[in-house]
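*Asks:* make a model of this:
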Amino acid sequence: MDPVQTIGINIVSSIIAELIILLAIRNTGVRVIATIILLTAAVGFTWHTVTRPGAIHNEHCQTLWSRAESEKTISSYREFLEPCGDDDFGASARTRITDLCRAEWQRVSSQDNTAGYDGFRRECSNSEFAPAALAHACDLRRQVAIERNTLDSYSEFERVCPQDAVANARVCELRWEEAIQRDTIEGYREFENICGNSTRISEVSNKICAVRWREALARNDPPTYRGFQIDCASSPYAAEASAQAMQVCDRQWAAASLQDNMQRYQEFQQSCPGTPHSVEAAERIERQCDRLWQRTRRSNTVAAYESYLGYCPNNTHTVEARFQVSRSSADKTTRDYALFYEGCRILVRPGLSPDRQQDVTTEASRECQRHSERNNRPQNRRSLGDTILAVVVGYCTITGDCGGQR
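*Replies:* Here you go, the predicted model:
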């Protein structure tokens, strides 16, 4: 038991005993005298207990030593050494551990198996025989790995014996064979991360590009071909990727021209930027957006402007369309500006001259200021007309003379 626990139990036990004695005494005078005597004894007992930790510690170590001598195991002697390493029996405990480890080594070496050597290394990690136990365990694991010739067996050997260059090379060879069988970008990347010093590392990029080329052919779209050209510029398929991309772009341009549809031209622009037909596609998009703008202006509705922005988000008239959509929710609008009273936000119509923009901004700011002054005017303030009306109504009510015939 821990010494602190022992002290606590002794104190609690003494207090309980004192309470029992006091309850048994009925005479008040005797009870007072007994209380003084018991308190004095309790204080003395507690002081004696607290001031003798060395004795309690020795008792605790004596208990652990007796148990170790009884069990005669390495673990029991180690348990004794943890709190009592500097005790009188510390040297004897270390000698016992050395003798037991020597005997254990004789037993383990005669059995000659990995489980025994691993157990010895756990129990006797500081023993003079620990390096030999590791060497024997590695020899046995190497034999098993060679016989099984599997990635798992070599990985287990590598886990215990990481400094074996031959085993490390064989593990990477098996991982390479596994990556070849999977033939995926993830598999080759995994090999690259684990076996960065392998002689096969120079083949990884070629294998990855071969997989990406298959994927590009399966998808058969210009962005994938362009990505392949960038990432695999030294691949033998790079030139073919460029040719394939041009063929697909030519087919997409023919389809877009046949349909003469803005959406198809925009899809072509996204898929085939920088190609010979991309400039012509941009011109056709601009012309169709101009025609759509004319229809939008005739409609002059928020829905029409929003529809225009959906089709032509980057056209010449895009800024004007955004202005028309925003002004629909403004607090005050004119032909040249939209005013939001909250924060006094002003949207000026695009396309105005600098001088006109300045005039419009000044006008909108003044309107915002007037609105703020109206809102801040006291609610109970009356105009001159309201005051005169109130006086007339009051006079009429009091005198009865309301301007009618008598």
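
*Asks:* ok now stretch 335-345, how far from the chain's centre?
*Replies:* Remark: stretch 335-345 is offset 43 Å from the chain centroid, using CA atoms, centre = their mean, to the nearest Å.

*Asks:* now that stretch: average pLDDT?
*Replies:* Mean per-residue pLDDT for stretch 335-345: 84.

*Asks:* what is the neighbour count of Y308?
*Replies:* When neighbours are counted by other CB atoms under 10 Å, Y308 registers 25. (Each C-beta comes from the backbone N, C-alpha and C, glycine too.)

*Asks:* no no, V108
*Replies:* Residues near V108, counting by other CB under 10 Å: 25.

*Asks:* again with S326
*Replies:* Other residues lying near S326 total 16 when counted by other CB under 10 Å.

*Asks:* which SS class is it?
*Replies:* Secondary structure, DSSP: H, G, I helix; E, B strand; the rest coil: S326 is helix.

*Asks:* you'd agree it is up against A338?
*Replies:* Yes - S326 is within contact range of A338, at 6.0 Å (criterion: CB atoms under 8 Å).

*Asks:* which residues do the two both contact?
*Replies:* With contacts taken as CB atoms under 8 Å, 6 or more residues apart in numbering, S326 and A338 have L347 as neighbours in common.

*Asks:* strands along the protein, start to end?
*Replies:* 332-333, 337-340, 345-348 (DSSP state E).

*Asks:* ranking the ones you listed by burial, who's on top?
*Replies:* strand 337-340 (a mean of 20; mean count of other CB atoms under 10 Å).

*Asks:* tell me the confidence at the residue nearest to W176 when sequence neighbours are not counted?
*Replies:* Among residues not flanking W176 along the chain, R200 sits closest, at 4.8 Å (CB to CB, 6 or more residues apart in numbering). According to the prediction, R200 has pLDDT 90.

*Asks:* ok, now which ones touch R200?
*Replies:* R200 sits next to 172-173, 176, 191 when contact means CB under 8 Å, 6+ apart.

*Asks:* nearest to A130, of those residues?
*Replies:* A130 lies nearest to C172 out of the contacts of R200, by CB to CB, at 29.1 Å.

*Asks:* tally of neighbours for the closest one?
*Replies:* Here the number of neighbours of C172 (other CB under 10 Å) works out to 21.

*Asks:* wait, it touches N193, no?
*Replies:* No - counting by CB under 8 Å, C172 does not reach N193; the two are 11.6 Å apart.

*Asks:* any regions of the protein where pLDDT drops low?
*Replies:* Counting by pLDDT under 70, the chain shows low-confidence ranges at 1-35, 38-39, 41-57, 378-406.

*Asks:* apply 80 and report the result again.
*Replies:* Residue ranges of the chain with pLDDT under 80: 1-57, 87-88, 151, 154-155, 158, 162-167, 377-406.

*Asks:* L134 contacts Y117, correct?
*Replies:* Yes - here L134 reaches Y117: they are 7.4 Å apart, a contact under CB under 8 Å.

*Asks:* neighbour count winner among these two?
*Replies:* A count of neighbours by other CB under 10 Å puts Y117 above the other of L134 and Y117, at 27 against 16.

*Asks:* residues contacting the nearest residue to the more buried one once chain neighbours are set aside?
*Replies:* Spatially, and ignoring its direct neighbours in sequence, Y117 is nearest to A137 (3.9 Å; CB to CB, 6+ apart). When contacts are counted by CB under 8 Å, 6+ apart, A137 touches 114, 117-118, 121, 160-161.

*Asks:* using CSV, write out every CA atom in stretch 181-200.
*Replies:* Output of stretch 181-200 as CSV, limited to C-alpha atoms (Å, rounded to 0.1, in the frame of the first residue of the first chain):
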residue,chain,number,x,y,z
GLN,A,181,-0.3,-5.5,-61.0
ARG,A,182,-2.5,-2.7,-59.7
ASP,A,183,-1.2,-0.4,-62.5
THR,A,184,-2.8,2.7,-61.0
ILE,A,185,-1.5,6.2,-60.3
GLU,A,186,-2.3,5.6,-56.5
GLY,A,187,-0.3,2.4,-56.5
TYR,A,188,2.8,4.0,-58.1
ARG,A,189,2.6,7.0,-55.8
GLU,A,190,2.5,4.7,-52.8
PHE,A,191,5.6,2.9,-54.0
GLU,A,192,7.3,6.2,-54.6
ASN,A,193,6.5,7.3,-51.0
ILE,A,194,7.7,4.1,-49.4
CYS,A,195,10.7,3.2,-51.6
GLY,A,196,12.1,6.6,-52.5
ASN,A,197,15.6,5.2,-52.7
SER,A,198,14.8,2.1,-54.9
THR,A,199,16.4,1.6,-58.2
ARG,A,200,12.9,1.4,-59.7
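
*Asks:* tell me how many other residues surround S235.
*Replies:* Neighbours of S235 using other CB under 10 Å come to 19.

*Asks:* and it, how far from S202?
*Replies:* 14 Å (CB to CB, to the nearest Å).

*Asks:* circling back to that earlier point, neighbour-wise, which one of the contacts of A137 leads?
*Replies:* Counting by other CB under 10 Å, top hit in the contacts of A137: Y117 with 27 neighbours.

*Asks:* okay then, goodbye and thanks.
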